[in-house]
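A.B. asks: Got a sequence here, can you build the structure:
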Amino acid sequence: MEKDGQKIWGKILSSIKTQLSSSSFKTWFAGSFVVDSKQKEGSGVLIVGLKNNFLKEQVENRYTPMITKIKNQRGFKALEIVFVVGSRNGQLKTDDRPLFTGVAPQYLQGLRRVDALNPVHNFNNFVVGASNNIAYLCSKQAGENPGQVYNPLFIWGPTGVGKTHLLHAVGNLVCETVQNAKVLYVTSEKFTNDYIESISNRTNAAFRQKYRNVDLLLVDDAQFFGGKESTQDEFFHCFNELQLTGRQVVITSDRHPGEIPKLKERLLSRFMGGMMADIGFPDVELKSAIVKQKCKEKGVFLEDGVVFKIANSSHGGIRELEGMLLAVLTKQKLSPGEIDDDFIRSIVEGSSKVNGINVSASDVCAAVSRHFKVGEALIRGKSRKAKVVMARQVLMYLLRRDLGLSFEAIGDMVGGRDHSTIIYGVEKMEKVIVNNSSIKDEVLRIKSLVRD
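C.D. replies: Residues are numbered from 1 along each chain as shown. As a prediction, the model looks like this:
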């Protein structure tokens, strides 16, 4: 059946190509391939592989309505298309991220699969310190007594400090302790796209059944609800249904709900009516403890002095710290020798992660320059031309949100600008991304350039 599946996917791809620009098609669909096909006379399931989790999430979140429409027009209305992360030899990747978004269908049970919740993220391996202690304790209480305390629980803080870890930890604890618990983890973007699809396909009842018939709803990145009025209305009713019937809701955001732009008053009051727990950037002591925990998990040993150097050299969140540790361990393996200050410095200079890949701040700057066709010197300079200002603010946003650099460090990178200027630029770009899908698409393409 796989050859028939390849023909079907080829027909669908040819229609997709006519509706996208050549660069968008190449970015999101050019490397797709058929992993498996279980269908008869146009019905069944077609399993399509994508090379990494980032591509899978973007294709699912951004293009599902378009693919569904094309599939139906091509005469395959009864055929369901499922995207997985895999390679062309048919081997599915089983890294520490979810293979399937949401609950995997029954017909995929023959394939190697992991649950929507990441089992790696639990309370046992969450390192607790002054910056995250309140959020940790509240999350653990919510997991031990779902629906009874801290409902809703709203966890907020900058990117890369452990909010998603806690969200999965709550879900895993409930699954372990509550028999037949129905747990749903979803990003706000996934909720939005599911809602839009339910309107397009007239499947509102199925949508509400999915989101309101759960014991625990975990919602990541709630800041992206801002500006989406209809989605906020639907989430408000879903939220009310769960809370009034004593079921637990846990939400994360990279900012306080009062700072989410264009968030409706009634939803804001619901968020703030529960427990608010913030997480800050870890201090040096917590970073050192995290490095030791990660070393223990990897089965490696580093001297305390080296651990402190790594912790003291990281100025962002936990993701940046993990990226630096990985870079240090990799370089040490390739070039054995003493890990001195120069060795650490060579790793630290802007090193971090974008979409799970180690990159430097200069890599991001180069990608922004290439995308906007604006020289790096201009971006760092004083030009106020609209195109240059846009490139500069996108760079500020990426350096802050993806690499976790401090405002002062970003200011140094973009021509010695004051940290208040950087804060303004980052916040402005956040609002633009929420309200302008084309700019959001440009940012995603730049991330793709960095990854490549």
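
A.B. asks: Just to check, Glu285 is in contact with Ser131?
C.D. replies: No - between Glu285 and Ser131 there is no contact under C-beta atoms under 8 Å: 10.0 Å. Quick note: C-beta positions are derived from backbone N, CA and C, even for glycine.

A.B. asks: More neighbours: those two, which one.
C.D. replies: Just comparing Glu285 and Ser131: by other C-beta atoms under 10 Å the higher neighbour count belongs to Ser131, 19 against 13.

A.B. asks: Please, where are all the helices along the stretch 1-150 of the chain?
C.D. replies: Here the stretch 1-150 of the chain has its helices, by DSSP state H, counting those that start in this stretch, at 2-19, 22-28, 53-73, 133-144.

A.B. asks: of all those helices, which gets the most neighbours per residue?
C.D. replies: Most buried of these, by mean neighbour count (mean count of other C-beta atoms under 10 Å): helix 133-144, with a mean of 20.

A.B. asks: who does it touch, helix- and strand-wise?
C.D. replies: Secondary-structure packing of helix 133-144 (3 or more C-beta pairs under 8 Å, 6 or more residues apart in numbering; DSSP states H and E): strand 153-156, helix 163-177, strand 248-253, strand 275-278.

A.B. asks: Would you format the ones you listed as a markdown table with mean pLDDT included?
C.D. replies: Shown next, in a markdown table, are those (pLDDT from 0 to 100):
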| stretch | mean pLDDT |
| --- | --- |
| strand 153-156 | 95 |
| helix 163-177 | 92 |
| strand 248-253 | 96 |
| strand 275-278 | 92 |
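
A.B. asks: Compare the helices of the stretch 1-150 of the chain and give me the one nearest Gly323.
C.D. replies: Closest of the helices of the stretch 1-150 of the chain to Gly323 is helix 53-73, at 15.7 Å (criterion: C-beta to C-beta).

A.B. asks: How far does the closest one sit from its chain's centre?
C.D. replies: Offset of helix 53-73 from its chain centre (C-alpha atoms, centre = their mean, to the nearest Å): 17 Å.

A.B. asks: domain assignment for this protein?
C.D. replies: 2-105, 133-278, 284-349, 357-451 (automatic domain parsing).

A.B. asks: export those domains to a markdown table and tack on distance to Phe123?
C.D. replies: As requested, the domains of the chain are exported to a markdown table (distance: least, C-beta to C-beta, whole Å):
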| stretch | distance to Phe123 |
| --- | --- |
| domain 2-105 | 17 |
| domain 133-278 | 5 |
| domain 284-349 | 13 |
| domain 357-451 | 23 |
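
A.B. asks: Which of those sits closest to Leu117?
C.D. replies: Of the domains of the chain, nearest to Leu117 by C-beta to C-beta is domain 133-278, at 4.6 Å.

A.B. asks: Quote the end-to-end distance of that closest one.
C.D. replies: 9 Å (C-alpha to C-alpha, to the nearest Å).

A.B. asks: surely Ile16 meets Lys69?
C.D. replies: No - with contact defined as C-beta under 8 Å, Ile16 does not reach Lys69; the gap is 10.3 Å.

A.B. asks: Name the nearest residue to Gln73, ignoring sequence neighbours.
C.D. replies: The shortest distance from Gln73 to any residue other than its chain neighbours is 7.4 Å, reached at Ser15 (C-beta to C-beta, 6 or more residues apart in numbering).
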